[in-house]
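# The sequence and its predicted three-dimensional model are supplied below.
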Amino acid sequence: MGYGVGYVCKKCKNEKYILYEIGFLDSSYEDNNFKNLIEVGETEELQNIDQLLKFIELENVHIKHNYKHDAYICPKCKNIHNKFRYTLISNNKRFIPKYKCNYCGSKLKIKKKNEDFIITCDECGSNKFEKNTQFIRWD
Ligand SMILES: [Zn+2]
Ligand SMILES: [Zn+2]
């Protein structure tokens, strides 16, 4: 089961969640059902989506078991993002998704523990957020 950390915009009360680990729906990848990965890629600003489309046509494609939702940070503007992290394997080739920042277009990196970040409100543009003490579980 996944969990999430919520943040609330101090100005307009818009909430933003960063989800971690995996949910019930994510188990479909185990059956090599990669249709959802394409949809996720389209909505989550996957930069190498053309490579993904080609990759899943290869033989013996499967997903490595450590896939999960994770936090990414933009090295340029420091915004935090929530993306789906996975590795696809086909024989000796692998595919790793590369996401871009929807604020500045830079390539995102996986968030290191205790790495500083900012949050930008998609409603009002403010950077002032406070952590929601409520810890959410999702699946
Ligand atoms: Zn706001
Ligand atoms: Zn950025």
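On my side now, so go ahead. Remember, it's a predicted structure, so these values are computed and weren't measured experimentally. Ligands and ions are numbered 1, 2, ... in the order given.
# Counting by contacts, list what the longest helix belonging to the chain packs against.
Ranked by residue count under DSSP state H, the longest helix found in the chain is helix 35-43. Packing partners of helix 35-43 (3 or more C-beta pairs under 8 Å, 6 or more residues apart in numbering; DSSP states H and E): helix 49-55. Every C-beta, even on glycine, is put in place using the N, C-alpha and C of the backbone.
# Tell me the bridge partners for the residue lying closest to Gly2 once chain neighbours are set aside.
In this structure, Gly2 finds its nearest non-sequential neighbour in Glu21, 4.2 Å apart by C-beta to C-beta, 6 or more residues apart in numbering. Bridge pairing for Glu21 (DSSP bridges) gives the partners His69.
# So what touches the lengthiest strand in the chain?
Ranked by residue count under DSSP state E, the longest strand found in the chain is strand 129-138. With C-beta atoms under 8 Å, 6 or more residues apart in numbering as the test, strand 129-138 has contacts from 1-10, 15-17, 19, 23, 119, 121.
# returning to what we had before: can you give the distance from the longest helix of the chain to the centre of its chain?
In terms of C-alpha atoms, centre = their mean, to the nearest Å, the centre of helix 35-43 is set 11 Å apart from its chain centre.
# Buried by neighbour count: which residues of that helix qualify?
Leu37, Val40, Gly41 (16 or more other C-beta atoms under 10 Å).
# Leaving out the residues flanking it, which one is nearest to the most far-flung residue of the chain relative to its centre?
When distances are taken from the C-alpha mean of the chain, Glu59 lies farthest, 26.0 Å away, according to C-alpha atoms, centre = their mean. Excluding its sequence neighbours, the residue lying closest to Glu59 (C-beta to C-beta, 6+ apart) is Ser90, at 6.3 Å.
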